[in-house]
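> dropping a prediction and its sequence here:
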Amino acid sequence: MLARLLTSALSGLSLWLAFPGYDLWPLAIAGAGGLALALCGVSARRGLLIGLVGGLAFFVPLLSWSGIYVGALPWLSLATLSALYVAAFGAVTAYLQGGPDARVRPVAVAVAWTVAELARATTPFGGFPWGRLGFSQADSPVLGLARWLGVPGVGFTVVLTGALLALAGQVLVRDRDLLRAALYAVLGVVLVLSPLLVPRPVDGEPVQVLGIQGNVPEVRLDFNAQRRAVLDNHAGTTLEAVERIEAGELPAPDLVVWPENASDIDPLRNADAATIIDDTVARVDAPVVVGAVLREPGDSLSNVSMLYLPGEGPVQRYTKLRPVPFGEYIPYRSFFRSITETVDLVPRDFVAGTEVGVLQVPTDSGDLPLGVAICFEVVIDDVMRDTVLAGAEVVAVPTNNATFGFTDESVQQLAASRVKAVELGRPVVHISTVGVSGLVAPDGSVSQQTELFTQAIISGEVSRRTEITPAVRLGAWPEFAAAAALGLLVALTGVHRRREAHR
């Protein structure tokens, strides 16, 4: 048991190292294989403990950015909650791999992991999809599979490959069957490399985009106490871009994108903020998407991206559909305040929007349907998918990473945009207040990637695309199929065990 716990812990650490900023994506395969081995031939109760150890070894370091300014309690609570889903995966997987002839069962392991990630992505309070294995594969050959089966399909393939390699090792050591072991290993390699054959088209009518990373004056949690300076930074950086455009150094944009929280001063209620934005939009003479915080409705707040047009002001808005629990609103506030007063760092709750994020941006070649997903919404499958189903030809991900300091959160989020670009078949304009920002092509490649806590301008062409990828068409059905398959596997295993017991 001690060896199994150690294997599980090392496997969890391997999963963490697969993500940015270590980017050792093959370690996701190794970690999945290690967990499969550790959970082979033990009871479900022991599998629960083995899975919990692996989950903590994975999520505690992966999510360390969540406590950078608010302390260990929120960080460790989030990591422990996430690890509980890996614990449940461990119990189910151990049950499916038990019995007198205990073997790694690759399909069962991959199906159980997929269902565990589905559960974590949807529960509680809407779920926390960050850290799904598919997001560790932005530089992997497996990335192409996102076009067909989305993030869940990429994660399934990673785990299936790891389990196949674990089974190959098991067969080689136990049975001394070199041929069968080689067959499993080759199948795993084929699974990893075959997605390279999936085409990832990037063609389309070009749109010239300008992204503004204005930065914040100081790196600290209460960056929004500097909100006038943050707004001035984004206006000033835009005006710097205008000067470069007038000097012929940059092409004139069809669209300008500011990040989330570029104006935490409500421009609908503050004349100074409205004047700054209106004057800047007039100078750049192009549509500008402005991330803002509105002090509405009532005593609540709204996290919005507003489309400004020269001479017209704000004409459309998208209100964030999925505010982050404990980050943008506090569920059961009185209960959680009895545990920790850190909930008061969110003094007013943000409310959720009701409409899919698609803004109609006028361009010389006609309106551009621009999908918008704000910050953490980039990892929420249905939010991103619905923008494409609603007609989006380009997707913008305005985000604010200032509250996570010099951590890996920013590069983890950019990697998520890269995977989503392939899944959706759309370019993604990923723009942050402080970085990391970049232009992501529909094949997942990124250009003009910026550094953290710098002022930066990204300028380039992205392609308008209208094709609906198979992943978008399928939606959540692959995950539902995995859940049905897991239920069937558990039922069949139970029937088989009862029959064996009566012999």
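That came through, no problem.

> so where do the helices sit in the stretch 351-500 of the chain?
With DSSP state H, counting those that start in this stretch as the criterion, the stretch 351-500 of the chain has helices at 381-389, 409-424, 470-474, 477-501.

> for stretch 96-115, the averaged confidence score.
If you average the pLDDT over stretch 96-115, you get 93.

> for that stretch, buried residues please.
Residues 96-98, 104-106, 108-115 are the ones in stretch 96-115 that count as buried (16 or more other Cβ atoms under 10 Å). Where C-beta positions appear, they are placed from N, C-alpha and C, glycine not excepted.

> quick one: low-confidence ranges for the protein?
100, 219-225 (pLDDT under 70).

> and the longest helix seen in the chain, how far out from the chain's middle?
Counting residues, the longest helix in the chain under DSSP state H turns out to be helix 146-175. Chain-centre distance of helix 146-175: 22 Å, with Cα atoms, centre = their mean, to the nearest Å.

> which positions in it come out as buried?
146-172.

> nearest to Ala262, out of the buried residues of stretch 96-115: which one, please.
Thr114 (37.2 Å; Cβ to Cβ).

> that closest one: what's it in contact with?
Taking Cβ atoms under 8 Å, 6 or more residues apart in numbering as the criterion, Thr114 is in contact with 152, 155-156, 159, 478-479, 482.

> redo that, cut-off 7 Å
152, 155-156, 479, 482 (Cβ atoms under 7 Å, 6 or more residues apart in numbering).

> what does Phe58 give?
Phe58 neighbours (Cβ under 7 Å, 6+ apart): 12, 15-16, 86.

> if we can go back for a sec, and the furthest pair within the buried residues of stretch 96-115?
Among these, Gly98 and Thr114 lie farthest apart (Cβ to Cβ), at 20.1 Å.

> before we move on, back to that, tell me which of the helices of the stretch 351-500 of the chain is the most buried.
Mean neighbour count, computed with mean count of other Cβ atoms under 10 Å, is highest for helix 409-424 among the helices of the stretch 351-500 of the chain, reaching a mean of 27.

> what about that one, distance to the chain center?
On Cα atoms, centre = their mean, the centre of helix 409-424 falls 6 Å from that of its chain.

> and Leu231, its phi and psi?
phi -60, psi -50 (degrees, to the nearest 10).

> surely it meets Ile265?
Yes - judged on Cβ atoms under 7 Å, Leu231 makes contact with Ile265 at a distance of 6.0 Å.

> overlap in contacts, these two.
With Cβ under 7 Å, 6+ apart as the test, Leu231 and Ile265 both reach Ala273.

> where do the strands sit along this protein?
Per DSSP state E, the chain carries strands over the ranges 205-213, 255-257, 288-294, 302-309, 313-319, 358-361, 368-372, 394-399, 428-432, 438-440, 446-447, 456-464.

> can those go into JSON lines with extra columns for distance to Phe406?
Below are the strands of the chain laid out as JSON lines (distance: least, Cβ to Cβ, whole Å):
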{"stretch": "strand 205-213", "distance to Phe406": "15"}
{"stretch": "strand 255-257", "distance to Phe406": "24"}
{"stretch": "strand 288-294", "distance to Phe406": "22"}
{"stretch": "strand 302-309", "distance to Phe406": "24"}
{"stretch": "strand 313-319", "distance to Phe406": "30"}
{"stretch": "strand 358-361", "distance to Phe406": "32"}
{"stretch": "strand 368-372", "distance to Phe406": "27"}
{"stretch": "strand 394-399", "distance to Phe406": "16"}
{"stretch": "strand 428-432", "distance to Phe406": "13"}
{"stretch": "strand 438-440", "distance to Phe406": "18"}
{"stretch": "strand 446-447", "distance to Phe406": "20"}
{"stretch": "strand 456-464", "distance to Phe406": "16"}
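
> number of residues surrounding Thr238?
23 (other Cβ atoms under 10 Å).

> contacting residues around it?
By Cβ under 7 Å, 6+ apart, the neighbours of Thr238 are 212, 256, 280, 284.
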